[in-house]
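Asker: my questions concern the predicted model and sequence given below.
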Amino acid sequence: MARLENKVAIVTGAGSGMGREEALLFAREGAKVVATDIREETVREVVALIQENGGEAAGFSHNVASEDQWAQIVKETIAKYGKVDILVNNAGVSGDATRMHEITLETWNKIMDINLTGTFLGMKYVIPHMLANKGGSIVNISSIAGLTGGSGAGPYTASKGAVRLLTKAAAVDYAKDNIRVNSVHPGYIETPMTTGLFADERMMQWFLSQTPLPRLGKAIDVAEGVLFLASDASSFITGIELPVDGGYSAQ
Ligand SMILES: NC(=O)c1ccc[n+]([C@@H]2O[C@H](COP(=O)([O-])OP(=O)(O)OC[C@H]3O[C@@H](n4cnc5c(N)ncnc54)[C@H](O)[C@@H]3O)[C@@H](O)[C@H]2O)c1
C-alpha cells in the first residue's frame with residue numbers, strides 16, 4: 001500500500017531542490033500533488049515528470065508571499081481535487097551572509113515575506129478546508145538555522161526560528177480538529193540553494209566538520225522525513241521539530 005494513497009498534497013517551492021523531491025516522492029506514494037513555485041517553468045517540468053510516471057499532478061505559478069495567489073490556488077485545488085490533506089510549506093530563500101547593521105530593510109522584508117508570511121498564509125488558506133475535511137497534516141520547512149543562531153544570517157535565522165514556533169502554536173490550536181502541524185529542520189543539504197556554498201572546498205570541509213554523519217544531506221533525505229510527518233504513519237505526532245541534519249543539532 002502506498003503511503004499517501006487517496007491524499008491530496010500541496011507542496012510549495014516544488015520546482016527545485018527539496019520541494020521537487022517531495023513532490024516526486026509524494027506522487028510515487030500515491031498522492032495527487034499540487035506543485036507550486038514562483039518559477040513556473042520548473043513546476044511544469046515536475047508536473048510532466050509525475051504524469052509521465054503515471055501519477056496525478058497539477059502545477060501553479062505561485063509567489064507564496066501573495067495572499068491573493070494563495071486564495072486562488074487553494075480554490076483551484078478544491079475545484080479540481082475536492083480537498084487538501086497535506087500542505088508542505090517548503091518555499092524559501094536564504095539571503096546573503098551580511099552582518100545585522102548592513103542588512104537593508106528591503107532584504108529583511110523579502111526574507112520574512114517569503115519564509116514566514118508565506119508559511120502563515122499557506123496555513124491560513126488551507127486550514128479551513130482541513131477543518132471541513134476533519135483532518136490534515138501540515139509540514140513547515142524550517143532549518144537548523146531555526147534552532148540556533150548562526151553568523152551572518154540574521155533575517156534567515158529569525159524567519160526560520162519564527163516558523164518553528166508558529167508551527168507549535170498551530171499544532172496546539174488545531175490538535176482537537178485532527179490537524180497535525182510539524183516542522184522539519186534540514187541541515188547542510190545539497191540543493192541549488194547551497195551549490196555556491198559547497199563549491200568552496202574550505203567551506204565544504206567546515207560544513208562536514210559540523211556534521212557527525214560525515215556527509216552532506218541529499219534532498220531525498222529530507223523528503224523522506226517530510227513524507228513520514230505528512231503520512232498517517234505519524235498520526236500521534238504533532239508540534240515536533242524534526243532535524244534532518246546528520247546529527248548537527250545533537251552537539
Ligand atoms: N539546502 C539547505 O541546505 C537547506 C537547509 C535548511 C533549510 N532549507 C530550507 O529548505 C527549503 C527548500 O530549500 P532548497 O535547498 O530546496 O532550495 P531551492 O532554492 O533549491 O528551492 C527553493 C524553491 O523555492 C522557490 N521560491 C523562492 N521564492 C519563492 C516564492 N516567493 N514563492 C514560491 N516559491 C519560491 C524557488 O523558485 C525554488 O524552486 C527552503 O525553505 C530552505 O530555506 C534548506
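Answerer: Right, received. Where do you want to start?
Asker: now residue 194: how far from residue 155?
Answerer: Using C-beta to C-beta, to the nearest Å, one obtains 17 Å as the distance from residue 194 to residue 155. The way it works is simple: take the backbone N, C-alpha and C, and place the C-beta from them, glycine included.
Asker: tell me which of those two has more neighbours.
Answerer: Comparing residue 194 with residue 155 by neighbour count (other C-beta atoms under 10 Å), the higher total belongs to residue 155, at 22 against 19.
Asker: for the more buried one, which non-adjacent residue is spatially closest?
Answerer: residue 111 (4.1 Å; C-beta to C-beta, 6 or more residues apart in numbering).
Asker: list the helices and strands whichever strand in the chain runs longest packs on?
Answerer: In terms of residue count, the longest strand belonging to the chain (DSSP state E) is strand 179-186. Using 3 or more C-beta pairs under 8 Å, 6 or more residues apart in numbering; DSSP states H and E as the contact criterion, the elements in contact with strand 179-186 are helix 118-132, strand 136-141, helix 154-174, helix 219-230, strand 241-244.
Asker: contacts only, for the nearest residue to residue 116 once chain neighbours are set aside.
Answerer: Of all residues not flanking residue 116 in the chain, residue 159 sits nearest, at 4.6 Å (C-beta to C-beta, 6+ apart). For residue 159, the set of contacting residues under the criterion of C-beta atoms under 8 Å, 6 or more residues apart in numbering consists of 92, 111-112, 115-116, 146.
Asker: for residue 200, see how far away residue 227 is.
Answerer: If you measure residue 227 against residue 200 using C-beta to C-beta, the figure is 32 Å.
Asker: can you check residue 184 too?
Answerer: Taken as C-beta to C-beta, the spacing of residue 184 relative to residue 200 amounts to 26 Å.
Asker: neighbour-wise, which of the two wins?
Answerer: Ranked by neighbour count (other C-beta under 10 Å), residue 184 and residue 200 place residue 184 first, with 27 against 11.
Asker: tell me the residues of the stretch 1-150 of the chain that contact the ligand?
Answerer: Contact residues, the stretch 1-150 of the chain versus the ligand (C-beta under 6 Å from any ligand atom): 12-13, 15-19, 37-39, 42, 62-65, 90-94, 114, 141, 143.
Asker: hang on, the earlier thing: need the pLDDT of the residue nearest to residue 116.
Answerer: Reading off the per-residue confidence, residue 159 sits at a pLDDT of 98.
Asker: may I have the phi/psi pair for the residue nearest to residue 217 when sequence neighbours are not counted?
Answerer: If the residues on either side of it in the chain are set aside, residue 217 comes closest to residue 189, at 4.0 Å by C-beta to C-beta, 6+ apart. Geometry field for residue 189 lists phi and psi as phi -120, psi 140, criterion degrees, to the nearest 10.
Asker: correct me if wrong: residue 189 contacts residue 215.
Answerer: No. Contact criterion C-beta atoms under 8 Å: residue 189 and residue 215 do not qualify, at 10.6 Å.
Asker: neighbour-wise, which of these two wins?
Answerer: For residue 189 versus residue 215, the count of surrounding residues by other C-beta under 10 Å is larger for residue 189: 23 against 11.
Asker: follow-up on the earlier one: can you select the buried ones among the residues of the stretch 1-150 of the chain next to the ligand for me in ChimeraX?
Answerer: Applied in ChimeraX, the following selects the buried portion of these according to 16 or more other C-beta atoms under 10 Å:
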select :12,13,15,16,17,18,19,37,38,42,62,63,64,65,90,91,92,93,94,114,141,143
